[in-house]
Every structure is written in structure tokens, then in C-alpha cells.
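> here is my input, please return the structure:
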Amino acid sequence: MKRPELLCPAGDFEKMRTAIHYGADAVYLGDPRFSLRNKARNFDAEELATAVQYAHERGVKVYVTANIFAHNSDLPAITDHIRILKDIRPDGVIISDPGVFMLFREKASEIDIHVSTQANITNSESARFWEKMGAKRLILSRELSIDEIRKIAETVEIELETFVHGSVCLSYSGKCYLSSFLASRSANAGECTNSCRWKYALVEEKRPGEYLPVFEDDRGAYVMNSKDLCLIEHLPFLSRAGIDSFKIEGRMKGIHYVAGVTRVYREAVDLIGNENLYQSRLPAWQKELSLFGKRGYTTGLLFGYNKDEICNVTGVNYAPESELAGVVLDTKGQFARVLLRIKISVGDSLEYLIPGLVDKVIAVDTLRYEDGIEAVSALAGETVLIKAPEGPSKGDLIRKICKA
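All right, here's what the predicted structure looks like:
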């Protein structure tokens, strides 16, 4: 059985390095003007060039997002962006707008085009249309069932990609005006405020200030608050259906999420075709992913619509069991030199996130600075030496186990 590509989010250079360190085959990133993720750090032209070089030196592909719905006023900047990408030579660009598609075909035909999920590819004829237009890959709509995916795969020869993990919204393939109406920030220009996650109640016109719960629940109603997508259990199924690339959402999430989720899916993808071992590792993967699914998990529409399975109607956010403590800069004998992200103290329990989902938990019994001075605690931003188990290396993350 083929093993699809593992495609991971890179909201900034640090997140890209983290994704690559933990096993991404490819990363997706973008210029904030065109990438539908303005609140992510993103990349300017110089940083894009550096990022592509860095990834290519490590055998990792880079796809640049340019999937806004462009207005005439955007076209000069997009044309200039195409010229820059023509020189940078990413492995592909992600596009939803037919006009932007044609500009890339005319001005940079050597760059592969991936048609964004925003283009709503929900049927075989739509897939055939984009194939005839010269697309290299189709990022399928999130509204598809496994049977629909299989039928599209049987229709076209080009690559197919689908999301397998991360946040989803309840609007149709991400096309939402709620943020525009309520906060004057357009989701279709990369400025979504996640208005669907807010807590809502019903107010009758003649009784202002009197809030009526939509459900029989005094905590309010979260009618648009989707659980997060998690298809870890179904990757072999998707591979057999014809998917060529598994995509993880999360350019706006931190490096703890990127590291933890990437290393789980890396191991899972590598075990596709070994059903017994895959099933034996599934509980460990699900346990690890539970650290990052604060709204609970769903399989989305892969097996049909079930609002009770998709929606987090209570609005409950699950408390994290750990938090990012620091990044290993290098190792010296029994110690790791760590740049801290939070305060840590002697007695804390730390876990080294080593690629391959190997648990390396230690209790901090010694904490010292580089000049040899020992400390009881150290603060975020400081570099310290911490006892390290065998195995960690430069770039590994360390997380602090939260006490119950």
C-alpha cells in the first residue's frame, strides 16, 4: 500500500523547523497578504526564499498558500508575488481563485498548482475540470464522505489531498461571513476572529437583556462550535481510497502542537500497510493527540453527517495535561542545554519529545546555568542545563507535565 505524503503547517520559521524536525514530508506556508492566515506570523519574500532553501536542503517540499479570493486591487501585488515565487521555486502553490490560477499558468507555468479546499471540489466533474486546467493536485472539500472521495479518485489521475487533523469550522469549506458581520474582519481575507466559537444565547426583541438558552443548558449554546478533526484511526482507509497527501491544520497553533501532532502522524503514516502494528499503536497515538484536542475530536463528514458527533454543544474546552517548557539547543554529556519558554523548578516533571513517540520523562533534580551556578527555578527566556535522558537532540521540545 502506498504511503501518502505527510503535509504539516508552518505558520512561521520556527514552526517550519519543528515540523521538519518531527518528520514532515512537506510543509505549507505563505505570505500574510495572500494566505488566509493573517494572524499567523507568516513569511515575507526574503523569508520565503530562506524557508524554501532550508526545507529543500532537508529533502522536504514547500507549498506556498495564495488562496485568497482576490479583488482587482489585489492583482498587482499578486503579480509581483508570482514573480518572486518564480525565482524562489517552491514545490507548489495553493490557489482557490480561477483568476489567480490563470495568472500563475501564464506567468509561472513551471510552478505546480494545488487547488485549495476553498474551491469546493465536491464532485468528479469538478475534479476533471481542474485536471484539464492543468492543476497538479486537488485539496478536496471537507464536506466529502469516504465513498465520494473514492469515486473522485477513480475519475482523475492527478494527486488528491485531504485534511486529517485540526480545527474545522461549520461554514461551507471555510467560506464564512460571520466574522465580517460581527467583527468587521473577513475570514476570506485571512482575518477570521473565530466568531463561531463564541458563546451565544437567544434574545427576544421585546425583552432585551433577557437571555434564553437555545438548548436546555444554563451554560448557553455553542451551535456553531465544531469539535476538532482527527482521522488517525482511518489513515489506511483514506490511503486505499486514493488520497496522496494527508494535511494537518494548524498554522496559527504553537510549536508544541506542531511537534506533538506531527510525530504521531509520522509514525502512523509509516505503519500504513502493517495493520496489526498500526492497531497496536493506535491507543498511544490517541493518548498523545488528546493533549491537543481541547474541543474534543470528530471524524467530520467522512462517514456522514451527525451533528451530535461533530458539534461541541457544551462549549467545554479540555484542560491541557502539559505545556511547552523549552527547546533543546544542544546536549552536553548528561545535560541538555535548553531555552526555556516557561518557568520551571526543581521537582517538576519534564517530558522530552523525541521523534518517534518515545516517552522520556524525568524529574528535575538539578537545574543550573551555563556558568555552573545551580538554581531552584529558572524563568522563560533563560538558557539552562537540565539532566537529559539518553536520546534527545538539538531541536527536540521539552514539555512540563501539569499536576492534577
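> ok, now which residue in this structure is the farthest from the centroid?
residue 206 (44.1 Å; Cα atoms, centre = their mean).
> for it, pull up the helix or strand it's in.
According to DSSP states H and E, residue 206 maps onto no helix or strand at all.
> any low-confidence regions in the stretch 51-200 of the chain?
The stretch 51-200 of the chain contains residues with pLDDT under 70 at 170-182, 184-191, 196-197.
> could you redo the last one with a cut-off of 90?
For the stretch 51-200 of the chain, the stretches flagged by pLDDT under 90 are 67-70, 118, 142-143, 167-200.
> can you pull out the helices in it?
Using DSSP state H, counting those that start in this stretch, the helices found in the stretch 51-200 of the chain span residues 75-88, 98-107, 124-133, 146-155, 178-183.
> so what touches the fourth one?
If you take Cβ atoms under 8 Å, 6 or more residues apart in numbering as the criterion, helix 146-155 is touched by 121-124, 127-128, 138, 140, 144, 160, 162, 234, 237-238, 241-243, 302-303. C-beta here means a position set from N, CA and C on the backbone, and glycine is covered the same way.
> whichever of the residues you listed end up buried, select them in ChimeraX.
In ChimeraX, this line selects whichever of the contacts of helix 146-155 come out buried by 16 or more other Cβ atoms under 10 Å:
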select :121,122,127,138,140,144,160,162,237,238,241,242,243,302
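> which ones among the contacts of helix 146-155 lie within strands?
138, 160, 162 (DSSP state E).
> gap between the longest strand belonging to the chain and the chain center?
Longest strand of the chain, by residue count under DSSP E: strand 322-332. Relative to its parent chain, strand 322-332 has a centroid offset of 21 Å by Cα atoms, centre = their mean, to the nearest Å.
> so residue 369 bridges to which residues?
Per DSSP bridges, the residues bridged to residue 369 are residue 384.
> pretty sure it sits against residue 385.
Yes: assessed by Cβ atoms under 8 Å, residue 369 is found in contact with residue 385 at 7.3 Å.
> and stretch 395-404, which residues are buried?
Quick answer for stretch 395-404 (16+ other Cβ under 10 Å): 395, 396, 397, 398, 399, 400.
> what mean pLDDT does that stretch get?
Summarised as a single mean, pLDDT over stretch 395-404 is 84.
> can I get it in CSV, CA atoms only?
Taking C-alpha atoms only, stretch 395-404 is exported to CSV below (Å, rounded to 0.1, in the frame of the first residue of the first chain):
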residue,chain,number,x,y,z
GLY,A,395,15.6,20.8,18.1
ASP,A,396,13.7,18.5,20.5
LEU,A,397,11.0,20.1,22.6
ILE,A,398,10.5,19.6,26.3
ARG,A,399,7.1,19.9,28.0
LYS,A,400,6.1,20.2,31.6
ILE,A,401,3.7,17.7,32.9
CYS,A,402,0.8,19.6,34.6
LYS,A,403,-0.1,18.5,38.0
ALA,A,404,-3.8,17.4,38.6
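> quick one: residues in contact with it.
Residues from elsewhere that reach stretch 395-404 (Cβ under 8 Å, 6+ apart): 17-18, 21, 255-256, 259, 319-328, 336, 338, 342, 344, 348-355, 361, 386.
> try it again at 7 Å.
Contacts with stretch 395-404, where a contact means Cβ atoms under 7 Å, 6 or more residues apart in numbering, come from 17, 21, 255-256, 259, 320-328, 338, 342, 344, 348-354.
> try stretch 111-121
With contacts defined as Cβ under 7 Å, 6+ apart, stretch 111-121 is touched by 63, 67, 85-86, 90-96, 101, 104, 127, 130, 134-142, 161, 173-175.
> repeat for stretch 129-136
Contacts for stretch 129-136 (Cβ under 7 Å, 6+ apart): 92, 101, 105, 112-115, 121, 138, 156-159.
> closest one of those residues to residue 48?
Nearest to residue 48 out of these is residue 92 (Cβ to Cβ; 13.3 Å).
> pretty sure that closest one contacts residue 66?
No: Residue 92 is beyond contact range of residue 66, at 10.4 Å (criterion: Cβ atoms under 7 Å).
> who's more crowded, those two?
Neighbour count, other Cβ atoms under 10 Å: between residue 92 and residue 66, residue 66 has more, with 27 against 20.
> mind listing what the more buried one touches?
By Cβ under 7 Å, 6+ apart, residue 66 lies in contact with 30, 34, 35, 81, 93, 94, 95, 100.
> would you turn the residues you listed into CSV with neighbour count and distance to residue 48?
Compiled in CSV, the contacts of residue 66 are given as follows (neighbours: other Cβ atoms under 10 Å; distance: Cβ to Cβ, whole Å):
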residue, neighbour count, distance to residue 48
30, 27, 8
34, 26, 11
35, 22, 11
81, 24, 9
93, 26, 11
94, 26, 14
95, 29, 16
100, 24, 17
